[in-house]
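1. Sequence plus the predicted model coming up.
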Amino acid sequence: MSTRRLWAPLAAMLILLAATSWAIVPDPQGAPMTVTVQGKLTGSGGTPIPPGEYFFTFSIWDAAVNGTNVWPGVNVEGHLIGLQSDGLWTAYLGELYPIHRDLVDDTARWLQVTVLPPGSVTLETFGRVKLASAPFALEAAQLNGKTGWEYLARDGDTVVGSLSFDGDNDGTLDALIDVVAAEDAANLFLLNGGSPRSSLYGQDYGRLELRDLTGDLTAILSATSSLGGQLALNKQDGMSGMLLKGGSTVDGATLSMRDAAGSATISFDADMSDNTAAILPNDAISAPEVLDEPGVAGDNAGALVALDVNVRNLLSRSITAPGPGYVLVMGALTAQFMHSNGVNDYARFGVSDQAGSFPASQMFYHSIASSVPSGIFEQVISVHGLFPVGGGFSSFYLLGMEASGTVSVYGTHLTVVYFPTAYGTVTPPVAAGEPGGSERETVTSSGLSAQDIVTEQAEAERFNTARIERELATLREEVEALSERLRTEESARRTREGDR
């Protein structure tokens, strides 16, 4: 233990306390401390004193006269000290009443000493002695192998300049608070084996960097100067993996992600309103499929409706398609024939995208032959058609008409379903009056031949291949545009870091 001594004369009346020397001794646990006080006691005119046990009392005050007893408080600390004729003595203050560090917060401190000689009943009181600055300087000196900054524990403590931490005193820093005086700022670095692991920058805008065990930069949280908050999560080799930008009042938030090879494959842009707002890899849930997802609409009725020779709109239903595609229209009903023997009963049903007008290819006839005995006959009838749409509002109809006889319908249903994508060729219904659709009596066919089937299959393959090529071309364009944008932003970021 190193001890510093301060000698200061003390005036006396009958007994002279010639001098004192004292030093703060820190407790290893950093809590209370003791103060060593030494002096010399003589008689009047410096004569030797009688040997024996003298009773000393000690207290510390905040003023030379009057003031407040700051230690030990309302009491004094007493020590019974054996003296020889030379009068030299030593006392260790704080053994009875602990002395805490806050006692030295103020250098305005005075030591009060009283002495009771052997056999006397009268305490001899000496004038207070101001404690000099030497004990307070010990706070910054080398104490028990520890430096002054290890005792920064009070409100208001201030360190000027950078601060280093070496917990095991092996010469390798564990932490560093680096003050950039020119910018009135500081940066904090937490290290492992001397290599940075976490870095918090107060210089310029706020920035937090995290590194893995190999030193690669894998996470960055940055406030940026004017572009909003940014979060970058890199791959284990430090190369870019994901970048999330909070955006500004000019540019909205964005998110971009790269695959293992470093290519940008996923991006979201809050400023976009069309399919480019979200770009995903091929065969993923892509933006067109999300925005233009299938949708349905439907209606039904139970009332009995009598048909006649005019085309009747039995039901209608409208749908708003988000984009070009196809609408599958399906109708169902129960037809009731009031049949009389000798009369042919004919009725025609179908679906259409035109009110009161059958497409030429919607030739769904139902009949009761004249040879059938009279009676009431019912048939459940289902019709459907696939119609191309360009997006937007469209209406579709379930139609019926009576060609001859007496026919009514009830239990009608109409369902429309939108599909955005065709994965094969689609032949739409032939509109009324166009070639390819004629009345029932003129239609003759032997069905599909083997060659017809082969031709259709080849056509479907060509259609699907062309569709995939179109989608891939669009994705490649979008990915390249995004990659160029990310390269520009990455270059700008590295330039800013280089300027740091």
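-> Received it, and whenever you're ready, just let me know what you need.

2. Which residues does stretch 205-215 contact?
-> Contact with stretch 205-215 is made by 192, 195-201, 217-225, 236, as judged by CB atoms under 8 Å, 6 or more residues apart in numbering. Every residue, glycine included, has its C-beta placed from N, CA and C.

3. Stretch 47-59 too?
-> In contact with stretch 47-59 (CB under 8 Å, 6+ apart) are residues 15, 37, 41-43, 69, 71-72, 75-87, 89, 91, 93, 111-119, 123.

4. List only buried entries from those residues.
-> Among the contacts of stretch 47-59, those buried by neighbour count (16 or more other CB atoms under 10 Å) are 15, 37, 41-42, 71-72, 76-77, 79, 83, 87, 89, 91, 93, 111-117.

5. Any buried residues in stretch 408-422, and which?
-> Residues 408-409, 411-420 are the ones in stretch 408-422 that count as buried (16+ other CB under 10 Å).

6. These in strands, which ones?
-> 408-409, 411-419 (DSSP state E).

7. Against residue 392, how distant is residue 113?
-> With distances taken as CB to CB, to the nearest Å, residue 113 is found 102 Å from residue 392.

8. Buried subset of the contacts of stretch 205-215 as a PyMOL selection?
-> Remark: buried members of the contacts of stretch 205-215, expressed as a PyMOL selection using 16+ other CB under 10 Å:
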select buried, resi 199+200+201+217+218+220+221+222+223+224
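
9. Cross the contacts of stretch 205-215 against strands and list the overlap.
-> Those of the contacts of stretch 205-215 lying in strands (DSSP E): 192, 195-201, 217-222.

10. Report the buried residues of stretch 233-243.
-> 234, 240-241, 243.

11. hmm, who's touching stretch 261-273?
-> 239-240, 247, 251-259, 276-281, 479, 482-483, 486.

12. quick one: buried residues of that stretch?
-> For stretch 261-273, by 16+ other CB under 10 Å, it's 264-269.

13. Between those, which sits nearest residue 62?
-> The nearest member of the buried residues of stretch 261-273 to residue 62, counting by CB to CB, is residue 268 at 66.6 Å.

14. Would you reformat the ones in strands among the contacts of stretch 205-215 as TSV and include distance to residue 315 and pLDDT?
-> Putting those into TSV (distance: CB to CB, whole Å; pLDDT from 0 to 100) gives the following:
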residue	distance to residue 315	pLDDT
192	74	89
195	75	88
196	73	87
197	70	90
198	68	93
199	69	90
200	68	91
201	68	89
217	65	90
218	61	91
219	60	92
220	61	91
221	59	91
222	60	90
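
15. is it possible to export those to JSON lines including distance to residue 365?
-> Formatted as JSON lines, those follow (distance: CB to CB, whole Å):
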{"residue": "192", "distance to residue 365": "85"}
{"residue": "195", "distance to residue 365": "86"}
{"residue": "196", "distance to residue 365": "84"}
{"residue": "197", "distance to residue 365": "82"}
{"residue": "198", "distance to residue 365": "81"}
{"residue": "199", "distance to residue 365": "82"}
{"residue": "200", "distance to residue 365": "82"}
{"residue": "201", "distance to residue 365": "82"}
{"residue": "217", "distance to residue 365": "75"}
{"residue": "218", "distance to residue 365": "72"}
{"residue": "219", "distance to residue 365": "72"}
{"residue": "220", "distance to residue 365": "72"}
{"residue": "221", "distance to residue 365": "72"}
{"residue": "222", "distance to residue 365": "73"}
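
16. from the residues you listed, which two are the most distant?
-> Pairwise distances among the ones in strands among the contacts of stretch 205-215 were taken by CB to CB; the largest, 22.3 Å, belongs to 192 and 222.

17. contacting residues around residue 172?
-> Residue 172 neighbours (CB under 8 Å, 6+ apart): 166, 191, 193-194.

18. Generate a markdown table for the ones in strands among the buried residues of stretch 408-422, with distance to residue 211 as supplementary columns.
-> Below are those laid out as a markdown table (distance: CB to CB, whole Å):
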| residue | distance to residue 211 |
| --- | --- |
| 408 | 82 |
| 409 | 76 |
| 411 | 72 |
| 412 | 70 |
| 413 | 65 |
| 414 | 64 |
| 415 | 60 |
| 416 | 58 |
| 417 | 54 |
| 418 | 52 |
| 419 | 51 |
